[in-house]
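Q: Return a 3D structure for these sequence lines:
(4 chains)
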2 protein chains.
Amino acid sequence: MATKTAAQQRQLAKAEFDAYLAQCPSRRLLDRVSDKWVTLIICALRDGELRFSELARQIAGVSQKMLTQTLRTLERDGLVARRVTASVPVRVDYSLTPLGSSLLGPIELMKDWAEQHMPDVDAARAEYDARG
Amino acid sequence: MATKTAAQQRQLAKAEFDAYLAQCPSRRLLDRVSDKWVTLIICALRDGELRFSELARQIAGVSQKMLTQTLRTLERDGLVARRVTASVPVRVDYSLTPLGSSLLGPIELMKDWAEQHMPDVDAARAEYDARG
DNA sequence: CAGAATCCCTTCAGATACTG
DNA sequence: CAGTATCTGAAGGGATTCTG
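A: So this is what the prediction gives:
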């Protein structure tokens, strides 16, 4: 049939909206930063270069797979620099690029909000749960 | 055996780290905000109250399930207020609480960073992909 | 209108084993 | 040391159906 069904209309609207979201700079930044390990890695690198194994130790909960994967995307996005020293065994150091460092500011501000207001969130949650 | 295996040691370290992360205010805020729909809802409510259906229309890509679910957690966390008008049919309005409004600031700053620096990220990504 | 409940599929992430 | 590759269980989220 020529006309679209309601379901097809919705599909279309969703596809368009998803495309819009994929473009939206804010959305994309959030998708980056919201990754569980991204901010931890960036904060870990705040004071300078770290080796792969040092990062793994400092971010205790991360699996080797996730650490590698996250570092790759951060490198791809130009937030983290990877420096390989061809020795035996190999040595790899990671550090923040200037672009990556510039993210420390916004992250800091989020942190400030969190420290100021998370108690309020906790209180609200407790009250909500108490009322059922 | 009495001593712990290396695997058990790692499990323990991970459990402790996860517990630490669950407490960390910054981490918890990120977990909230990082939700795909949270910021969209908060921004949609920036100019005042909206009905459920109005929200659904404005945030074109959201499913009814996700909208409901997200609104519930936002209400529970004290970021959004839910006002029910007992008419036929029922009318429900959502609005930002003062706490929710206070999140607009940090979100705005993230947005500013995104608009300033996402082109750099795109450039870095393009170069990375070009080099293979 | 606003939402609850169900089913189902895709994606994510951890554990494990192997390599230069 | 710093990865890569594969398998698998758990979780997220969409479509659909039903209700006050």
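Q: who's in contact with A:L109?
A: B:106, B:109 (C-beta atoms under 8 Å, 6 or more residues apart in numbering or on different chains). Quick note: C-beta positions are derived from backbone N, CA and C, even for glycine.
Q: pLDDT score assigned to it?
A: Among the per-residue scores, A:L109 holds a pLDDT of 91.
Q: Quickly find the element holding it.
A: Using DSSP states H and E, A:L109 falls within helix A:104-131.
Q: Report the angle between that helix and helix B:104-131.
A: Note on geometry: by axes from the mean of the first three to the mean of the last three C-alpha atoms, to 10 degrees, helix A:104-131 and helix B:104-131 are set 130 degrees apart in direction.
Q: and the residue most central in space within chain A, how far is that from B:D112?
A: Nearest to the mean C-alpha position of chain A, by C-alpha atoms, centre = their mean, lies A:V33 at 2.7 Å. Here A:V33 is placed at a distance of 14 Å from B:D112 (C-beta to C-beta, to the nearest Å).
Q: list the buried ones in the helix holding A:L109?
A: Applying a neighbour-count criterion of 16 or more other C-beta atoms under 10 Å in any protein chain shown, the buried positions in helix A:104-131 are A:104, A:106-107, A:109-111, A:113-114, A:117-118, A:120-121, A:124.
Q: Return the member of these nearest to DNA strand D.
A: Nearest to DNA strand D, judged by C-beta to the nearest atom of the strand, of those is A:V121 at 18.1 Å.
Q: if you skip the residues just before and after it, what's nearest to that closest one?
A: Distance criterion C-beta to C-beta, 6 or more residues apart in numbering or on different chains; nearest residue to A:V121, sequence neighbours excluded, is B:D77 at 4.8 Å.
Q: quick one: the lowest-mean-pLDDT helix or strand in chain A to helix B:104-131, angle?
A: Ranking every helix and strand in chain A by mean pLDDT, DSSP states H and E puts helix A:6-23 at the bottom, with a mean of 80. Orientation of helix A:6-23 against helix B:104-131 (the same axes, to 10 degrees) gives an angle of 80 degrees.
Q: The next helix or strand after helix A:6-23 packs against which elements?
A: Moving toward the C-terminus from helix A:6-23, the next helix or strand (DSSP H and E) is helix A:25-34. When contacts are defined as 3 or more C-beta pairs under 8 Å, 6 or more residues apart in numbering or on different chains; DSSP states H and E, helix A:25-34 packs onto helix B:25-34, helix B:38-44, helix B:104-131.
Q: For stretch A:40-57, buried residues please.
A: By neighbour count with 16+ other C-beta under 10 Å, stretch A:40-57 contains the buried residues A:40-45, A:50, A:52, A:55.
Q: from these, which two are the most distant?
A: In the buried residues of stretch A:40-57, the most distant members under the criterion C-beta to C-beta are A:C43 and A:F52, with 16.8 Å between them.
Q: I'd like to know how far the closest residue to A:G78 other than its chain neighbours sits from DNA strand C.
A: Computed as C-beta to C-beta, 6+ apart, the closest residue to A:G78 that is not its neighbour in sequence is B:A124, at 2.5 Å. Distance, B:A124 to DNA strand C, by C-beta to the nearest atom of the strand, to the nearest Å: 21 Å.
Q: likewise A:A114?
A: Relative to DNA strand C, A:A114 is positioned 20 Å away (criterion: C-beta to the nearest atom of the strand).
Q: Around DNA strand D, pick out the residues from chain A.
A: Residues of chain A found near DNA strand D (C-beta under 7 Å from any atom of the strand) are A:7, A:10-11, A:14, A:51-53, A:64-65, A:68, A:71-72, A:82, A:89-92.
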